[in-house]
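Asks: Below are the sequence and a predicted model for it; my questions follow.
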Amino acid sequence: MAQTNAMFAIVGAVLTGPVPNFILKPKKILRGSPPRAVRIGDHRFLNSNGEPRQFVSLTATQSGEVICAGTLDTFEIFVWDMRTGNVKDILSGHEGPVHGLAFSPTDASVLASSSWDRTVRLWDVFESKGGVETLPHTHDVLTVVYRPDGKQLACSTLEGHIHFWDPIDGLLMYTIEGRRDISGGRLMTDRRTAANSSSGKFFTTLCYSADGSYILAGGSSKYICMYDVADQVS
């Protein structure tokens, strides 16, 4: 790791390809990279029989003791025990690339996954029960994130929408249409409700504010959109 005068450092001299996902944990850097490995520090993790997989999503419990990675090629989710480096479980059920993963911030046994098969799935990781809830969508689901209190789940889709779910009851709460927002952006004074946004692109990353009242969304443009979740406006 190279120190710099700015507030960042360059990591990855051992990598040989793009890094689509990484997580910062105390004393650890987790990163997924297609040439098909998950690296934690200097350690490389593969699946249980040694065959490589192409991982495109990555998450960890808040304690950092368990990590999960979603695959592009086999549509599976691998679960590792960080203390041993061994595979705890392989979750199957998705029918498309698993492009988003997030553990519940209030229940470390619950994992949410988003996939190009147009679903978000909730899994009980530690009980090995497999998918315990499926949240259907009309378009490919690109990413998923929990609100800090764990009582709401947000996901973005290929049609440019952000859907908000109640993860406990499995109910869709509301939807923000953000395709026009990500295409051009607007001034703060040009408030427009989500219902008026109709055409454009899609979001590939989401992040709640600390109090959960706002959500930031970014994608394949130079704009980052911030939405008031309760009012569904930007």
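Replies: Structure's in. What do you need?

Asks: in this structure, what spans have low per-residue confidence?
Replies: Applying pLDDT under 70 to the chain picks out residues 1-50, 128-131, 184-200, 233-234.

Asks: where do the helices sit along it?
Replies: 179-184 (DSSP state H).

Asks: Identify the residues contacting residue 159.
Replies: Residue 159 sits next to 138-139, 179, 202 when contact means C-beta atoms under 8 Å, 6 or more residues apart in numbering. Just so you know, the C-beta spots here come from the backbone N, C-alpha and C atoms, and that holds for glycine as well.

Asks: Now for the residues you listed: which two are most distant?
Replies: 138 and 179 (14.1 Å; C-beta to C-beta).

Asks: the more surrounded of those two?
Replies: residue 179 (17 against 10; other C-beta atoms under 10 Å).

Asks: surely that one meets residue 160?
Replies: Yes: look at residue 179 against residue 160 with C-beta atoms under 8 Å: they come within range, at 3.1 Å.

Asks: How many neighbouring residues does residue 156 have?
Replies: Residue 156 has 30 nearby residues by other C-beta under 10 Å.

Asks: if I pick the residue nearest to it when sequence neighbours are not counted, what's in contact with it?
Replies: Ranked by C-beta to C-beta, 6 or more residues apart in numbering and with sequence neighbours excluded, the top spatial neighbour of residue 156 is residue 203, at 4.0 Å. With contacts defined as C-beta under 8 Å, 6+ apart, residue 203 is in contact with 142-143, 156, 160, 162, 178, 182, 217-219, 225.

Asks: Sitting in strands, which of those residues do you find?
Replies: 142-143, 156, 162, 217-219, 225 (DSSP state E).

Asks: Now do the same contact list for the closest residue to residue 57 other than its chain neighbours.
Replies: Closest residue to residue 57 apart from its sequence neighbours, by C-beta to C-beta, 6+ apart: residue 70 at 3.8 Å. Going by C-beta under 8 Å, 6+ apart, residue 70 touches 55-58, 76-77, 94, 97-101, 113, 115.

Asks: now residue 70: how far from residue 97?
Replies: 7 Å (C-beta to C-beta, to the nearest Å).

Asks: Over to residue 232?
Replies: For residue 232, the distance to residue 97 - C-beta to C-beta - is 29 Å.

Asks: Sweet, I'm off.
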